[in-house]
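Peer 1: Predicted model and sequence follow; I will ask about them next.
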Amino acid sequence: MTKNIIYTASAPEPIGPYSQAVLAGNTLYVSGQIAIDAHTNTLVNENIELETAQVLKNMRSILQAAGFDFEHVVKCTIFLKDFNDFATVNAIYGKAFTTQAPARETVEVSRLPKDVNIEISCIAVK
């Protein structure tokens with residue numbers, strides 16, 4: 001099995017010792033994404049709507065850098081700082097996954113990197 005590190009300047013630089021994504025065989029593992037705008041290197045956290053949209057934009061950029069898109073995603077994990085944001089996040093997330101939604105879990109956590117409100121990771125397969 002080959003393991004390829006995926007990188008794109010269209011998504012935020014990793015903030016620790018990890019890769020944006022790793023392609024192992026035909027499976028892509030995308031690291032948890034937070035709402036950092038890759039072009040300005042600033043957090044987009046004015047509200048949960050904009051923050052969620054930026055997270056999904058970052059995820060899409062990484063997927064596309066590996067030749068994947070949202071239709072290839074088979075599993076997502078959503079980490080929320082406040083589960084009261086679930087309905088809002090779910091509505092925005094649903095716009096990205098319009099057909100054959102992936103498996104998913106959503107969990108509330110006490111803290112996320114850079115004190116953001118949401119982080120999403122995914123696994124995609126071709």
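Peer 2: Perfect, I can see it now.
Peer 1: roughly how far apart are Pro14 and Ser31?
Peer 2: 7 Å (C-beta to C-beta, to the nearest Å). (Glycine included, C-beta is placed from N, CA and C.)
Peer 1: which one of the two has more residues nearby?
Peer 2: Between Pro14 and Ser31, Ser31 has the larger neighbour count (other C-beta atoms under 10 Å), namely 18 against 11.
Peer 1: what helix or strand is Leu50 on?
Peer 2: Take DSSP states H and E as the rule and Leu50 turns out to sit in helix 48-65.
Peer 1: and that helix, what other elements does it pack with?
Peer 2: The helices and strands touching helix 48-65, judged by 3 or more C-beta pairs under 8 Å, 6 or more residues apart in numbering; DSSP states H and E, are strand 21-24, strand 27-33, strand 36-37, helix 86-96, strand 118-125.
Peer 1: partner strands of whichever helix or strand comes after it, parallel or antiparallel?
Peer 2: Tracing the chain past helix 48-65, the next element assigned as helix or strand by DSSP H and E is strand 73-80. Strand 73-80 sits in its sheet next to strand 103-108 (parallel), strand 118-125 (antiparallel), going by DSSP bridges.
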